[in-house]
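> could you work out the structure for the sequence below:
(chains A and B)
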Amino acid sequence: MLRVGRINRLPAGAPWVSRRAVLHLGACLPFGLSLDRVLASGDTGGTAKSVILLWLWGGPSQLDSFDPKPHAPVDFRGPFSTLPTKIPGIRFCELFPLLAARNDQFALIRTLHSFSNDHGVAGTVGLTGSLAGAVGLNGQPLSGSTRPSLGSTVAKAMPAKASLPPFVVLGGRLHQGKKAIIGEGGGPLGAAFDPLRARVEPGAPVSLPELELAGGLMPERLGDRDSLRRGFDPLARELDRTGHRLDAHRARALGLLTSTAAREAFEVQEENDAIREAYGHTRFGKSCLLARRLVERGVRFVQVNWSDHVEAEEDAGDGGWDHHYRNFTIMADRHGPWMDRAISGLLDDLRGRGLLDSTLVIAVGEFGRTPKINDKAGRDHWEHCYSALVAGGGTRNGLVLGTSDKTAGHPVDGAVTPADLGATVHLALGINGETRLNLGIDTGGKAIEALF
Amino acid sequence: MAGWWVLLAALGLGQEPQRLAGESPGWKGHLRWSPDGKQFLFTRIHQGRMELAVQPAEGGDAVALVKPAPGLPHFDGHYAPDGQKIAYVHDILQGTDGKLQINACKADGTQPEVVVPHKAFEESPRWSPDGTRLAFVSTRDGNQEIYTCKPRGGEVKRLTSHPGFDHHPSWSPDGTRIAFISSREGPEALWVMQADGTSLRRLTKYDGLESWPAWNPDGKRIVVARNRGGHADLVLVPAEPGQGAERYLVEHPAQESFAVFSPDGRRLGFLSDRRGGLAIYTQEMREIPEKSPPAKAAGSP
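Numbering: from 1, shown residues only, chains lettered A, B, ... in the order given. I've put the predicted structure just below:
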């Protein structure tokens, strides 16, 4: 098996100067420049310019995706077969043949571990890198002030160049049961660094709930100043009533509403049929396509929420990954093929447009699932060992980092945390340690340099 | 009967599968044809709810059979042979978990009653062709096994027993056999057994995922969805040795699944995500001589 830091395969013609060295150089670039100037320029010298975080809410099984254990007992390995991949010795679950045919074009981390098996807490850890302020099923917040979400830290460090906001979330607020989780916004950075949220559904135009306060306005209906003016009065009243800061919301809404280019960014229906087919006609697929349109237009951080809720049966979305029961039926009928197609489509599309080198793509949930199948044909929460897919943005292709044990229950080597993954995002974007400390956005993790 | 039905498309003669007009976006599954052939019953996720829906077989708007209350999803319905009742899975969500039981209601969705109460995770109810038994899947003995019971519950009989999964049951038209999917030899493959749980036999040797079998009304072949490198196709498999070779009925880069024959065997219904979101498609069939190689019968070289 492979170990952290070992390179399975280098791309043909790889430069002898490592990306890590380039990154280090990039992190030194702000020398001689004021922090304000660097931030204003939005050019921090990283290998990536944008990030797409594919947030697999509910926690996918590591065994039924990227870390199968075909030699484990049947009550661990489950009913699915495995597939060879482009990397010798590495096999994927049979539900992911498209990604198996592309894993020489992305990296895989098989040894993430988190600190809670509670969706609410692990969700906060996954998005902020910290337990602080997390609220689990018992409703009691953990000590400490909630940290900003990863997207908000990027928004703080790398302001948008264009009229689009730097941080966009595609999907509704993440929930555990009826409670929204903590840590999906700016937190201590302020509401100005909250994400702009867009709702995506198959067969319907993209909607922006924040702007629906202004009388149900949709991006495609905002072509004239009259509708803009009519829309803003109720927006202002509503924000006053709910105690929101008007300035930040007004500025963002104005930027969106007055920019034709910004509105067009959300018009996924303008993509041709072949592209839409490649992503699949699910909410996740459509969201991935919209994410590409957004980074193409300069959005720094796009978070795609697979679902709003963790449950698979009922959701505004494709149904979550919390498969305590019927795991294998849901994986085979829905989640496996949908994810395989959407992420493959996204990687192909980004590459075809020359965007993958500058766009870091990460697909991960808040934790994994129990190696042993439970008595409900499902798998329960498992924070000790799970997988993440990492592609583009200057990361190396074809890597498999970390080795799990024989049931994918615990890391054997190379254990990393969500905070480490957050620090890795900052490293890729060239947000150096001094900047993180000055801006109060440090995740507390250690960047996974082996990825570069 | 001396013939069996195959798809015109499989012979290169037929029209393209027809997309049923009037569908709604979102996920669908568990497609059933009503015994009178007039409508489809299926599961859908619609406006955040998993529910049973019906749609005219000739096209038209899909409507919810019954709107389940929040937190009580309904799915995987199956018509009784007389078309008067529907058995389905009733889920009771509790926190982020749920409890599955099997209910039945009148065909119009009214008068729901519990048939198999939640003992473990009860799902996939399938009425026998004579209406005297109901097959279902349960984890009551530790993993997914196939059972039968009386149509109103009771007299539960376990048919399978293996550490691998046994699920997706489908009665043969004469009620003597049950096709199912099992991972007992590794891959999720098509198997068949006698209706009393004896004489288990693997029908396919494909090294990949197969799911949701459905019998041809002639009782000689079974259609099953087969995962082929990222997309599922529909393959017709002989139910007994000597009844011909496997034949792909529908091959397409899209996902094809949940196939079902019309009661008269002249049409195949299935779900596909070709040309947009997941929708119901139908394909006409025609009778050809049983022993004639279909390719030659079609006039191909």
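
> low-confidence stretches in the stretch 151-300 of chain A?
Regions of the stretch 151-300 of chain A meeting the criterion pLDDT under 70 cover residues A:161-162, A:211-255, A:257-258.

> redo that, cut-off 80
Applying pLDDT under 80 to the stretch 151-300 of chain A flags residues A:160-163, A:203, A:209-259.

> what's the domain layout of chain A?
Chain A breaks down by automatic domain parsing into domains covering A:19-206+A:268-451, A:213-265.

> got those domains as JSON lines, with mean neighbour count and distance to chain B columns?
The C-beta positions use only the backbone N, C-alpha and C, and glycine is treated the same way. Listed next are these as JSON lines, based on neighbours: other CB atoms under 10 Å in any protein chain shown; distance: least, CB to the nearest CB, whole Å:
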{"stretch": "domain A:19-206+A:268-451", "mean neighbour count": "22", "distance to chain B": "3"}
{"stretch": "domain A:213-265", "mean neighbour count": "16", "distance to chain B": "17"}
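
> can you lay out these as a markdown table showing distance to B:Glu256?
Shown next, in a markdown table, are the domains of chain A (distance: least, CB to CB, whole Å):
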| stretch | distance to B:Glu256 |
| --- | --- |
| domain A:19-206+A:268-451 | 11 |
| domain A:213-265 | 33 |
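
> test my guess that B:Val260 contacts B:Arg267.
No. Taking CB atoms under 8 Å as the definition, B:Val260 is not a contact partner of B:Arg267, at 9.5 Å.

> in the stretch 51-200 of chain B, mark out all the strands, start to finish.
Secondary structure of the stretch 51-200 of chain B (DSSP state E, counting those that start in this stretch): strands at B:63-64, B:74-79, B:85-94, B:97-106, B:113-116, B:123-127, B:134-138, B:145-149, B:157-158, B:166-171, B:177-182, B:189-194.

> run a quick neighbour tally on the closest residue to chain A within the stretch 1-150 of chain B.
Nearest residue of the stretch 1-150 of chain B to chain A, counting by CB to the nearest CB: B:Pro25, 3.3 Å away. Using other CB atoms under 10 Å in any protein chain shown, B:Pro25 has 19 other residues around it.

> then it would be within a strand, right?
No. With DSSP: H, G, I helix; E, B strand; the rest coil as the criterion, B:Pro25 is located in coil rather than a strand.

> which residues are in contact with it?
B:Pro25 sits next to A:Glu201, A:Pro202, A:Gly203, A:Ala204, A:His281, B:Gly277 when contact means CB atoms under 8 Å, 6 or more residues apart in numbering or on different chains.

> make JSON lines from the residues you listed and add secondary structure to it.
Shown next, in JSON lines, are these (three-state DSSP):
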{"residue": "A:Glu201", "secondary structure": "coil"}
{"residue": "A:Pro202", "secondary structure": "coil"}
{"residue": "A:Gly203", "secondary structure": "coil"}
{"residue": "A:Ala204", "secondary structure": "coil"}
{"residue": "A:His281", "secondary structure": "coil"}
{"residue": "B:Gly277", "secondary structure": "coil"}
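
> where does the nearest residue to B:Gly153 once chain neighbours are set aside land on pLDDT?
In this structure, B:Gly153 finds its nearest non-sequential neighbour in B:Val115, 4.9 Å apart by CB to CB, 6 or more residues apart in numbering or on different chains. You'll see B:Val115 listed with a pLDDT of 96.

> can you count the residues close to B:Val115?
The tally of other residues near B:Val115 (other CB under 10 Å) stands at 24.

> ranges for the strands of the stretch 1-150 of chain A?
For the stretch 1-150 of chain A, the strands defined by DSSP E, counting those that start in this stretch cover A:50-55, A:82-84, A:91-93, A:107-112.

> list the strands paired with the third one, with their directions.
Sheet pairing here is set by DSSP bridges, and for strand A:91-93 it gives strand A:82-84 (antiparallel).

> okay, the strands of the stretch 1-150 of chain A in a markdown table with mean pLDDT next?
Formatted as a markdown table, the strands of the stretch 1-150 of chain A follow (pLDDT from 0 to 100):
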| stretch | mean pLDDT |
| --- | --- |
| strand A:50-55 | 98 |
| strand A:82-84 | 95 |
| strand A:91-93 | 97 |
| strand A:107-112 | 98 |
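
> which stretch among these comes nearest B:Asn143?
Proximity to B:Asn143 (CB to CB) singles out strand A:91-93 among the strands of the stretch 1-150 of chain A, at 18.6 Å.

> which residue is the nearest non-sequential neighbour of B:Val156?
B:Cys149 is the one closest to B:Val156 (CB to CB, 6+ apart), at 4.6 Å.

> quick check: the one you found touching B:Ser138?
No. If you go by CB under 8 Å, B:Cys149 and B:Ser138 don't touch, sitting 9.7 Å apart.

> out of the two, which sits in the busier spot?
Applying other CB under 10 Å to B:Cys149 and B:Ser138 shows that B:Ser138 carries more neighbours, namely 25 against 20.

> show me the beta-bridge partners of that one.
Taking DSSP bridges as the rule, B:Ser138 bridges to B:Glu145.

> pLDDT weak spots in chain B?
Low-confidence segments of chain B (pLDDT under 80): B:1-15, B:22-25, B:95-97, B:230, B:241-242, B:275-276, B:286-301.

> so what's the residue nearest the centre of chain A closest to, chain neighbours aside?
Residue closest to the average C-alpha location in chain A (CA atoms, centre = their mean): A:Leu53, at 1.6 Å. Leaving aside its chain neighbours, A:Leu53 sits nearest to A:Gln303 (4.6 Å; criterion: CB to CB, 6+ apart).

> tell me the contacts of the one you found?
By CB under 8 Å, 6+ apart, A:Gln303 lies in contact with A:Ile52, A:Leu53, A:Trp55, A:Ser149, A:Gly151, A:Phe167, A:Val168, A:Val169, A:Leu170, A:Gly171, A:Pro195.

> if you set the cut-off to 7 Å instead, what comes out?
When contacts are counted by CB atoms under 7 Å, 6 or more residues apart in numbering or on different chains, A:Gln303 touches A:Leu53, A:Trp55, A:Gly151, A:Val169, A:Pro195.

> assign it to helix, strand or coil.
Here A:Gln303 takes the strand state, with states given by three-state DSSP.

> that one pairs with what?
Counting by DSSP bridges, A:Gln303 is bridged to A:Leu53, A:Val169.

> ok, which residues in the stretch 201-301 of chain B are in contact with chain A?
Within the stretch 201-301 of chain B, the positions near chain A by CB under 7 Å from any CB of the partner chain are B:Asp207, B:Gly208, B:Leu209, B:Ser211, B:Asn227, B:Gly229, B:Gly230, B:Gln255, B:Asp273, B:Gly276, B:Gly277.

> touching, the fifth one and B:Trp212? I think so.
No. Distance between B:Asn227 and B:Trp212: 11.6 Å, which falls outside the contact criterion (CB atoms under 7 Å).

> now do the helices in the stretch 151-300 of chain A.
In the stretch 151-300 of chain A, the helices defined using DSSP state H, counting those that start in this stretch lie at A:209-212, A:225-242, A:246-257, A:260-265, A:273-279, A:283-296.
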